[in-house]
Each structure stands twice: as C-alpha cells, then as structure tokens.
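Enquirer: Quick one: sequence and predicted model below, then my questions.
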Amino acid sequence: MELQFPKGFLWGGAVAANQLEGAYQEDGKGWSTQDVMPKGIKSAPTEVPTDDNMKLVGIDFYHRYKEDIKLFAEMGFKVFRTSIAWSRIFPKGDELKPNEKGLQFYDDLFDECHKYGIEPLVTISHYETPLHLAREYDGWINRKMVDFYERYVRTIYNRYKNKVKYWLTFNEINSILEFPFMSGGINTPLEKLSKQDLYQAIHHEFVASALAVKICHEINPDFQIGCMVLSMPIYPLTPHPDDVIKAMQSDHKNMFFADVHARGYYPGYMKRFFKENGIHIHFEPGDEEILKHTVDFISFSYYMSTYETADPEKQIRGEGNLLGGVANPFLEASEWGWQIDPQGLRYVMNMFYDRYQKPLFIVENGLGAVDQLVVDGNGEKVINDDYRINYLRDHLVQVAEAIADGVEVMGYTSWGCIDLVSATSAELKKRYGFIYVDRHDDGSGTLDRYRKKSFYWYKEVIESNGQNL
Ligand code: BGP
C-alpha cells in the first residue's frame, strides 16, 4: 500500500523562546524559571546565576530571526511552532500592564512568518514561568496563577488575533510530574513537595488551560487550540499480567492529562488514585463547568518509548531513558540514552485517536546528536547528518502508517529545526537542527548558520508532501 500524507498537511519545525532567543534581559524582559535552570537539575535552584552566557545569547534568535525564518521558508515550512516568553510580556507575571516592547517583538516575528506564508503555532507557556511567580507564589500550587495566566492569555490573544490561529496551552503539561520547577514553576524543593500540592497545582493548570480554550473560542471560533503532552508508550516488560497492569497504571499517570483536556472531566482511575493516596483536590465553584471546554486537537512530543514491570528487582530507575524505566533490549539509543522506537509513534497515534477521535498534531520529534562541521572537497563547510535523516525518515514512515490506519493528523513539526539550547541539559552540543549554528558550550563560535544535509532532505520531503522520504 502506498503511504500518503493528506493535502494541506502542516509541515514545519518547532522551537521554544527560552531555548533560542537569548536576550533574556533585553527590552524589559523579566527572569523566567528556565533562565535560572542549571544543567540537569530537576528541583528549584536556590541561586540565580548571573553570568550564564548560554542563556544570555542562546543562538541569538532575538536579533537574527529574519535570517532564520528565511531559511525555514527555503525548506518550505508551512508552520513554525514557537512559544511566547511570558516574562517578555509580563516581566514579573503579576503586574497589570504588559511590556510593549515584548509584545512588539512577537508582532514582528509573526509578520516575518506571514511574509513567507508560514503559519505560527504558538505555545502559550513552554517552561517559561516568570521567576517571580515561582519565588513569591510557589508557581502553580497557588490558585492565583490561574488569574495571572488568564490575564497573559487575554493580552496575547487580543494582540495577535489577526496573526495566530493555532495555539497550545502548556508545553508537555504532564512533565510537571518529573520537573515541577521547570514545568510548573514550583519552588518547593522536590523532596519536600507533597502529592497533595503537586496534584492541586495540576488542577490549577487544567482550569487555566480550559479557560484558555474557552476564551480562544470566544475571540474567534475558527481558532484551533490544543493541549500538548509528552507522549511515551509504556510497554509491559513481559506478558505477565502483573506487568501488563503495572504498565497500564503507569500509562494512566500520563494519560490523565490528555483525558481531562479531551474529555473535560477527571477519569475514574485518578479518583481511585487520589482516594488511595489521601489526596483531596479542591474544586472552586465553576471549575467543573470550565473543564468542559475541551481542546480542538491533541498535540504531543514523541522521542522514545519505555518499559514497565511489576518486579521490583527489575525496576531500574534512571537508566535507559530521560524519565528512567527499564532499558529495552530490542531498541538502540541516542547518544543521550533516549531509546529510538519509530513504531512507538504509530502506536501512540492510534491510541490517542482511538481514545478521543480528535485530530492529532505531532509538535516535537527529533534526534539530539553531536554534529561535526567539516570542510568537503570543494572547500565548503558541510554537516553530513545522515543519522538524523534516518531517524526522521523512520518516524515519518510510521506517521504515514498511522494515517493509513485512519488516524487524522494535522501536521508535523520536527523539534529544534535550528540548533538550540537543550531544555534538560542546558547544552548546545546536543543538536536537533536542519540548520547548524556555529556556537559552542564554552561560548565560542561565530553564530553563523549552515544548512546541514538534512536541510536539503527535509526540503524535498515537504516539496513532495512526504512522497520522497
Ligand atoms: C521536550 C521539550 C523541549 C525540548 C525537547 C528535547 O521535552 O518540550 O523543550 O528541549 O524535549 O529535550 P532536550 O532539549 O533535553 O534534548
């Protein structure tokens, strides 16, 4: 059977403001939680680094976005996913008046996209909670966050209503389970954070997200807004029914997030979990109604699958993948230990679609690798990233398989379409891009941009609407 992508499929790339803009103290921007995240840390840092050159400059997208958008256009992007840095718009997060210079930057950025017919897909909050909200309010544990988020959301909707029609409420909302500071602005150290507070914070995010959906549709019913979850299929380690149930329960912890967004109510398995763990979620009057504003589509990141087992001896946390779990002997891993499983993508796509019957948008997928800039026989600087092409091709084949299975898919935005700073390890040597940026972890480099081999490959993929993979 010939594999095909639908007409009008939204091909493109994805980034997040804090991972590439740099200029983190320019034009009135305030600190965000991500600006102070030291390498590889899960909990809230106690000190603010003052000389973080990496975050200060990023890849200097703030000043070079025109050059970069032009390169995206050359590849034929139909869509460009980026986030708005909340702390550019509301530097502290709790003030009443937005920062005009911050608003202007995104006006200019979206105009530049439209110049080439590229639709912006905007993440409202991508690990960028204003630091003040984390320090003063303990992030999403505090109900007041819903009001601050609502003010921010109304401001950007009103400002960009003629420029942006695709929105995402929170990046990888379920990652708060592992990274409460990075994902939820929760300042309480991980070891002191109670399950009660964590799940109350999640409830506040759900309410804020549903409010964002409601307001979005009020402003323009044609706008499309989705949730964004970190997807990771969890396979049972063996066919033993204990392992199967254990895998299902682990999966529930993640599916909870998409379930509430897509269905508009808390699932039974979570009510049981709360009961058994003595957790009482406080619903304010009206919350139940607000949650009924469900998303138009489900968006997700996909990098890897993982395993689960009921056997405590075999539960090797911290190895095999980003979030730990048992290493799968049938899969290869990236240089960062993320296990590569293209078929897992087809699996999650079918699972999401069967569960909700809502369109899907794959908004992150890609290979983080060390790239070498070399000089070829003609004296040209080139990057031969065949490993990235292979990775992306294998995954796109599975997207096409899922489409053939009947899954409705809006588009695909490859993660880090231009090299950027890693979210979890704060380094630049972990590269995802089609475009190489001459910048290194020690702060050296010209910041010049180079087209990688994958750049030409992806251009051809888009041109042929996925026929030439
Ligand atoms: C996702 C995040 C991104 C991104 C990506 C790759 O979890 O949404 O922000 O960075 O993972 O992760 P990393 O940068 O750690 O390689």
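Expert: Structure's in. What do you need? What you see is a predicted model, and the numbers here were worked out from it, not measured in a lab.
Enquirer: Could you report the pLDDT at Asn99?
Expert: Looking at Asn99, its pLDDT stands at 98.
Enquirer: ok, how many other residues are close to it?
Expert: 19 (other C-beta atoms under 10 Å). Yep, even glycine has a C-beta here, placed from its N, CA and C like the rest.
Enquirer: try Glu335
Expert: 12.
Enquirer: Look up how far Gly366 lies from it.
Expert: 13 Å (C-beta to C-beta, to the nearest Å).
Enquirer: Backbone dihedrals for Leu168, please?
Expert: Dihedral pair for Leu168: phi -130, psi 140, per degrees, to the nearest 10.
Enquirer: same thing with Leu230?
Expert: The phi/psi pair for Leu230 (degrees, to the nearest 10) is phi -80, psi 120.
Enquirer: do Gln339 as well
Expert: Torsion angles, degrees, to the nearest 10, at Gln339: phi -80, psi 130.
Enquirer: What residue, apart from its backbone neighbours, is nearest it spatially?
Expert: Leaving aside its chain neighbours, Gln339 sits nearest to Leu331 (4.4 Å; criterion: C-beta to C-beta, 6 or more residues apart in numbering).
Enquirer: Hmm, Ser305 and that neighbour touching each other?
Expert: Yes. Leu331 lies in contact with Ser305 (C-beta atoms under 8 Å); the separation is 7.5 Å.
Enquirer: Tell me which of those two has more neighbours.
Expert: Between Leu331 and Ser305, counted using other C-beta under 10 Å, the more crowded position is Ser305 (24 against 19).
Enquirer: who are the neighbours in contact with that one?
Expert: By C-beta atoms under 8 Å, 6 or more residues apart in numbering, Ser305 lies in contact with Met232, Pro233, Ile234, Tyr235, Asn328, Leu331, Gln339, Asp341, Gly344, Tyr347.
Enquirer: Pull up the overlap in contacts between Leu331 and Ser305.
Expert: Gln339, Asp341.
Enquirer: Now Phe361: closest residue in space, sequence neighbours ignored.
Expert: Ser299 (4.0 Å).
Enquirer: what about Phe352, which SS state?
Expert: Here Phe352 is helix, with the state taken from DSSP: H, G, I helix; E, B strand; the rest coil.
Enquirer: Could you check how far it is from Asn18?
Expert: According to C-beta to C-beta, Phe352 and Asn18 sit 27 Å apart.
Enquirer: before we move on, what about Lys430?
Expert: Distance from Lys430 to Asn18, by C-beta to C-beta: 16 Å.
Enquirer: now do Pro221
Expert: 31 Å.
Enquirer: Give me the more crowded residue out of the two.
Expert: Neighbour count, other C-beta under 10 Å: between Pro221 and Asn18, Asn18 has more, with 25 against 7.
Enquirer: so what's the more buried one closest to, chain neighbours aside?
Expert: Per C-beta to C-beta, 6+ apart, closest to Asn18 is Gln34, 4.2 Å.
Enquirer: quick one: average pLDDT of the helix or strand that Met255 is a member of?
Expert: Per DSSP states H and E: Met255 is located in helix 241-263. Averaging pLDDT along helix 241-263 gives 95.
Enquirer: just the helices in the stretch 51-200 of the chain please.
Expert: 53-57, 61-75, 86-89, 100-115, 131-137, 144-160, 180-184, 195-219 (DSSP state H, counting those that start in this stretch).
Enquirer: would you list these in JSON lines and tack on distance to the ligand and mean neighbour count?
Expert: Converted to JSON lines, the helices of the stretch 51-200 of the chain look like this (distance: least, C-beta to the nearest ligand atom, whole Å; neighbours: other C-beta atoms under 10 Å):
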{"stretch": "helix 53-57", "distance to the ligand": "13", "mean neighbour count": "18"}
{"stretch": "helix 61-75", "distance to the ligand": "14", "mean neighbour count": "18"}
{"stretch": "helix 86-89", "distance to the ligand": "15", "mean neighbour count": "28"}
{"stretch": "helix 100-115", "distance to the ligand": "18", "mean neighbour count": "17"}
{"stretch": "helix 131-137", "distance to the ligand": "18", "mean neighbour count": "22"}
{"stretch": "helix 144-160", "distance to the ligand": "18", "mean neighbour count": "19"}
{"stretch": "helix 180-184", "distance to the ligand": "9", "mean neighbour count": "27"}
{"stretch": "helix 195-219", "distance to the ligand": "15", "mean neighbour count": "20"}
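Enquirer: weakest of those by average pLDDT?
Expert: helix 53-57 (a mean of 72).
Enquirer: which parts of the stretch 301-450 of the chain sit against the ligand?
Expert: Ser301, Glu364, Gly368, Trp415, Ser422, Ala423, Thr424, Ser425, Lys430 (C-beta under 6 Å from any ligand atom).
Enquirer: Tell me if I am right that Phe363 is in a strand.
Expert: Small correction: residue 363 is Val, not Phe. Yes. According to three-state DSSP, Val363 belongs to a strand.
Enquirer: Can you name the residues that contact it?
Expert: Ala14, Arg81, Leu121, Leu168, Met228, Ser299, Phe300, Ser301, Thr413.
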